[in-house]
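fold the following.
(3 chains)
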Amino acid sequence: MQLRLEPRALRSRSMRYASPFIAAALTIVMGFILFAALGKNPLAAFYAFFIAPINSINRVAELLLKASPLVLIAIGLAVGFRSNIWNIGAEGQLTVGAIAAGWVALNPAFADSPLLLAAMIVAGVIGGMAWAAVPAFLRTRFNANEILVSLMLTYVAQLLVNWLVFGPWRDPQGFNTPQSPLFADGALFPILIDNTRLNASVLLTLVVVGVGWVFMNKSFLGYKTRVVGLSSAAARYAGFSEKRTVWVGMLAGGAAAGLAGVGEVAGPLGQVLPVISPGYGFTAIIVAFVGRLDPVGIVFAGLLMSLLYLGADSAQISMGLPAAAASLFQGALLFFLLGVDVLVNYRVRVIRAMATHHRTVPT
Amino acid sequence: MMDMLVPVLAATLGAGTPLIFAALGELVTEKSGVLNLGVEGMMLVGAIVAFITMRGMGNVWLGVAAAGVAGALMALLFAFATLTLQANQVASGLALAIFGAGVSAFIGKGYVGVTLESSANAGISLPIDIPLLSPLLDSLHPLVYASWLLFAGVNWFLSRSRAGLVLRAVGESPASAHAVGYRVIRIRYFATLFGGAMAGIGGAYLSLVYAPLWLEGMVAGRGWIALALVVFATWRPARVMLGAYLFGGITIVQYFAQSAGIAFATQFMSMLPYLATIVVLVVISRDVAMIRRNAPVSLGKPFHPSV
Amino acid sequence: MAALDDNPARLELRGICKSYPAVVANDGIDLRVMPGEIHAVLGENGAGKSTLMKIIYGVVKPDAGEMLWHGAPIDVASPAHARELGIGMVFQHFSLFETLTVAENVALVLPGKPSLDNVVLRIRAISERYGLTVQPSALVHSLSIGERQRVEIIRCLLQDLRLLIMDEPTSVLTPQATTRLFETLRQVAGEGCSVLYISHKLDEIKALCHRATVLRAGRVTGTCEPQGETASSMARLMIGRDLPKCNHPQAVGVGEPGLAVDGLSLASDEPFGTDLSDIRFIVRKGEILGIAGISGNGQQELLAALSGERPTPNAGVMRICGMASAHLGAAARRRLGLCFIPEERLGRAAIPSMSLADNALLTAHGQKMVAGGMLRSDAIRDFARRCIDDFAVKCGGPDAEAKTLSGGNLQKFIVAREVMQHPKVLIVSQPTWGVDVGASVAIRQSLIELRNAGTAVLVISEDLEELFEICDRIAVMANGRLSQTRRVTETDVEEIGVWMSGLWPDRITGAASRQPDESLYAT
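So this is what the prediction gives:
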């Protein structure tokens, strides 16, 4: 007796919706086993990870605050992933968007303008797009792999911001700590709920979610980029340009990441620091996949990832677990999802020993 | 200046060594048609496992072996997802990179910033004293020699052995290989695990010899550079060596530029390997015809034996 | 010699069954092959022949039934096991490795680990004995189709061969090369080896085979001796009725040029492709021009240049209804009234995982399906539904995924999609490859009707019978060159078959001026 995978004639719709949940359940089971092996109480860890982070208004605000950049970037990335455009450098594009916004914020020429925040947003989006334009250009012109180029640029971007805050942008009144001066109030997003850190950038994220949904499901360009991703031969046959798809895919991710970068420096950070984001650009990749590259799914997946971040922090405090548990679980979730997804396209069959079958020969 | 030459050469060879292990391993994997992007994650896991083993057992070679096993285990996750469960290779490779980073940070928590006593180099002493060569060979770590042996072995395997011929056939056309009766999936599993083990050893070199300490994310993108190297080398082992030492040299440049009195902010010098990777990728990739001739035809495409 | 009935058959199948998710490929198949017999397995595309052969060769495991080898039941575990038993298979789509040499390819299937030198010697010996010339050190990608098939056959003959399976071997050969192949097979059978010959070509089976087993829709409909049968009696067994013919009145009122190509030369961008040189032809409105030729002689490159997938800078080289268009991309050419049906259905003409409605949008978006950059789903579904209804496409509606349709129905949908755009010029490649007879007739009929309505139609096909059935004029493509055209009524299959080797009379001198191209069609 053996198990065999057989291709399905029709992709299973129910599995498409169920598999993220099954993957999440498997990740939780893995967590339980892990905690038990480490000698920690699994139920207490479960509480610390999933319940404790959201049991107050302030905590929910934190959840939304962390989910916002994840969802935002993931929408942009999903546009690309649906076309097989792998923008892995969102973290770098976020950083450059933050740098661009920071330049506007710290520039004395813009200091008292009522349009300061708007200018920062524009600058951030342009900065993110410019950083994404490099891999797009190198791919369309020279066929260079966008995964590697965008990743290399992430390291470059991090070194760049590092140099800025240790050098030209270092706050003269900052006691030599590597950070820029604090931004003026006009350069910060207004707070939405008093006594929390939740700011208006969340509203921008919601707008992007809506725009993303319309683009992906209702626009001709969205259709064309989807075709390019599904079959380059069919796209060539139809006359849909692969180059344009590369640009659209990369720039969408770059713009979203750049906007998220503005959200960080004009939000909870309030200044430019050597590290702008705790890996949102990479986590957003997982959010995009777990959310099935669909805006609605991405919103839920973003909330889940955010919960994992906060949960890991709270478990670190209450149970002494390393904060890196968050990325471990996030990576595991993605792996489980990829594995469970097999059931969308294949069916498991149990094969018994081959039956023999006698038939008279027809005359 | 001349007395700088030996240390510079030694440092260049050393800096290139982790790239050699990771890139040659990935080359074998890719020759079978499997694209494993998770090299960075496998190197990180190899680095921390080697470090912990070294702290616990005090033996470099045990550390290296443990790293190889750990890298292979990580590769096994990837292989199971992509070869058995038919998951998308690119997404799975990314998942492995992220997961490996998470695992290594998690188990390395207690070791951040801890240093090892630098292991005695135990290089090879030549019986006669050749200028330049003797002091150079004397100062190299045995793992550097191991990397040269690896190169020779992989080269022989791919171009002269029957198993290497079968591997190349699988990479070119798994459907034909299957029709002729070869166990495509099994061969790809072996190639992938081998790549994982080599990546793990590459990581071990970093944490045991190059640094030697543990920091989160200390591989600093070398896994990704190794992937670029395989493309740059158009899947030929000799060019992998060339590329790895080129990158080793670029990495070393920043340290020696400072002592030679060239003043550039350190961050910009640190950018050089990454920028160089981009340049190298562009130069090689633009010749689409050459890539098409040398890349394994089935690279990255899933294969399901329809039984 | 004992009577045939007392000798055990070399190979016997009893009640073989095999199902796949969407289709029952084999349903209780019985088969008997005697030693030294050339046994045909006859059936049209989709009857289950290939699956049956894969079961015999150990590539696929049957769900039920048993197999007897020399009277004893066996279970063929793998192709290597099949080779050990003495079963060899030459696949329809060859299983050779292009970047390796002939010797390396052969070495990969030989048991034990023979040295390459030993393999080369053995190849030379077999070559001599059977007249199958091939260079052991040549890289496979540089070989012609005929040569590659020879490598596959040599590979089989190097084992102690008892049963040779040939899967649709002549679909890639000229008529002359086919004759040579038959000589080889007769020699092999004469030495006691059995041959299983899979085909749907009735006249070949009549010429070559001793017995035939006929399959239809996965079942055996009968066995016969082809020499004693006529083409129509075998056809009746194969499709259950007589071969239908198309209604084909002569072209009426042929108009101005719809598609004019003048001096098209193009280097192939495939590593192993064929360069085009100086292609010239005209297709007028209201006529069908057919281009015959074996695949691999530049057809793919020509189609890419015509469809717009490979634009060329010299705009005037191609004109659609008089408009210079060689520099335009595929979408722009569609706007000029050009429609194109490629030979690959799934993965090029249609996307397998998309619905029929979404696939309609792929080329027909000019039919008012897009407004202001946004999709109009009603218009899209309406169009898809009209295609389905007008062409009787059997499917689950406009939302059915393309891959759930059978080959014939999907091809009907694709043809419908293009035809319903009322193109001025239609280019079709292999219109009925892999399509069942009923759908084939419907598709050919729709091409004729389109022609009657004034469209210029260009058909590129390997199927000479089909071309002679529906075309008004015919030309041949060989080695990247195009012959002159001939009225279909003024030529025949024999002459076209000769032209397919590149041997057409030179336009200027009027005499055969070219040497036969050895590397391509050495027979």
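
find the nearest non-adjacent residue to the closest residue to chain B within the stretch 201-350 of chain A, please.
Nearest residue of the stretch 201-350 of chain A to chain B: residue A:331, at 2.9 Å (CB to the nearest CB). C-beta: built from backbone N, CA, C; applies to glycine. Leaving aside its sequence neighbours, residue A:331 sits nearest to residue B:99 (CB to CB, 6 or more residues apart in numbering or on different chains; 2.9 Å).

beyond the helix or strand containing the one you found, next helix or strand please.
Take DSSP states H and E as the rule and residue B:99 turns out to sit in helix B:89-107. Counting by DSSP H and E, the element after helix B:89-107 in chain order, helix or strand, is helix B:133-139.

my guess is residue A:134 contacts residue A:153, does it?
Yes - the pair residue A:134 / residue A:153 is scored as a contact, 6.1 Å apart, by CB atoms under 8 Å.

now do the SS call for the residue nearest to residue B:266 when sequence neighbours are not counted.
Leaving aside its chain neighbours, residue B:266 sits nearest to residue B:254 (6.8 Å; criterion: CB to CB, 6+ apart). Under DSSP: H, G, I helix; E, B strand; the rest coil, residue B:254 falls in the helix class.

wait, isn't residue B:254 in contact with residue B:269?
Yes - using CB under 8 Å, residue B:254 makes contact with residue B:269 at a distance of 3.4 Å.

for chain A, what are the nearby residues on the stretch 101-250 of chain C?
C:220, C:222 (CB under 8 Å from any CB of the partner chain).

any idea which helix or strand in chain B has the lowest mean pLDDT?
Here the helix or strand of chain B ranked lowest by mean pLDDT, DSSP states H and E is helix B:133-139, holding a mean of 75.

what part of chain A, helix or strand, is modelled with the least confidence?
For chain A, judged by mean pLDDT, DSSP H and E, that is strand A:2-7, with a mean of 72.

in PDB, list the C-alpha atoms belonging to it.
Taking Å, rounded to 0.1, in the frame of the first residue of the first chain, the C-alpha atoms of strand A:2-7 are listed here in PDB:
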ATOM      1  CA  GLN A   2       1.400   3.400  -0.800                       C
ATOM      2  CA  LEU A   3       0.400   7.100  -1.100                       C
ATOM      3  CA  ARG A   4       0.500   8.700  -4.500                       C
ATOM      4  CA  LEU A   5      -0.100  12.200  -5.700                       C
ATOM      5  CA  GLU A   6      -2.300  12.500  -8.700                       C
ATOM      6  CA  PRO A   7      -3.000  15.700 -10.600                       C
END
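
list the helices and strands the helix or strand that that strand is followed by packs on?
Next helix or strand after strand A:2-7 toward the C-terminus (DSSP H and E): helix A:13-38. Judged by 3 or more CB pairs under 8 Å, 6 or more residues apart in numbering or on different chains; DSSP states H and E, helix A:13-38 is in contact with helix A:42-46, helix A:295-319, helix A:325-340, helix A:342-345.

tell me the mean pLDDT over the third one?
If I follow you right, that is helix A:325-340. In this model, helix A:325-340 has a mean pLDDT of 87.

and the angle from that helix to helix B:89-107?
150 degrees (axes from the mean of the first three to the mean of the last three CA atoms, to 10 degrees).

just checking, what packs against helix A:325-340?
Using 3+ CB pairs under 8 Å, 6+ apart: helix A:325-340 touches helix A:13-38, helix A:280-290, helix A:295-319, helix B:89-107.

what about the third one, near chain B?
No - with CB under 8 Å from any CB as the threshold, helix A:295-319 lies outside contact range of chain B, at a closest distance of 9.9 Å.

what sits against residue C:482?
Contacts for residue C:482 (CB atoms under 8 Å, 6 or more residues apart in numbering or on different chains) come out as C:279-281, C:291, C:475-476.

for the residue of the stretch 101-250 of chain B found nearest chain C, give me its contacts.
Among all residues of the stretch 101-250 of chain B, residue B:181 sits closest to chain C, at 3.4 Å; criterion: CB to the nearest CB. If you count contacts by CB under 8 Å, 6+ apart, residue B:181 has them with C:58, C:78-83, C:109.

so residue A:152 sits right up against residue B:279, yeah?
No - using CB under 8 Å, residue A:152 is not in contact with residue B:279, being 9.9 Å away.

neighbour-wise, which of the two wins?
residue A:152 (27 against 12; other CB atoms under 10 Å in any protein chain shown).

leaving out the residues flanking it, which one is nearest to residue C:120?
Closest to residue C:120 by CB to CB, 6+ apart is residue C:136, at 4.5 Å.

so who does that neighbour touch?
Shown in contact with residue C:136 (CB under 8 Å, 6+ apart): C:101-103, C:106, C:119-120, C:123-124.

among the residues you listed, name the buried ones.
Among the contacts of residue C:136, those classed as buried by 16 or more other CB atoms under 10 Å in any protein chain shown are C:101-103, C:106, C:119-120, C:123.

what distance do you get for the residue nearest to residue A:331 to residue C:126?
Applying CB to CB, to the nearest Å, the value for residue B:99 to residue C:126 is 53 Å.

which of the two has more residues huddled nearby?
Taking other CB under 10 Å, residue B:99 and residue C:126 do not tie; residue B:99 has more neighbours (27 against 19).

how close does that one sit to chain C?
28 Å (CB to the nearest CB, to the nearest Å).

pretty sure that residue is touching residue A:334, no?
Yes - contact criterion CB under 8 Å: residue B:99 and residue A:334 qualify, at 7.2 Å.

which of the helices and strands packed on helix A:325-340 is buried the deepest?
Highest mean neighbour count among these (mean count of other CB atoms under 10 Å in any protein chain shown): helix A:280-290, with a mean of 28.

right, is it up against chain B?
Yes - counting by CB under 8 Å from any CB, chain B is contacted by helix A:280-290 at A:282, A:285-286, A:289.

tell me the confidence at the residue nearest to the residue of the stretch 101-250 of chain B closest to chain C when sequence neighbours are not counted?
Excluding the flanking residues, the one nearest residue B:181 by CB to CB, 6+ apart is residue C:79, at 3.4 Å. We have a pLDDT of 84 for residue C:79.
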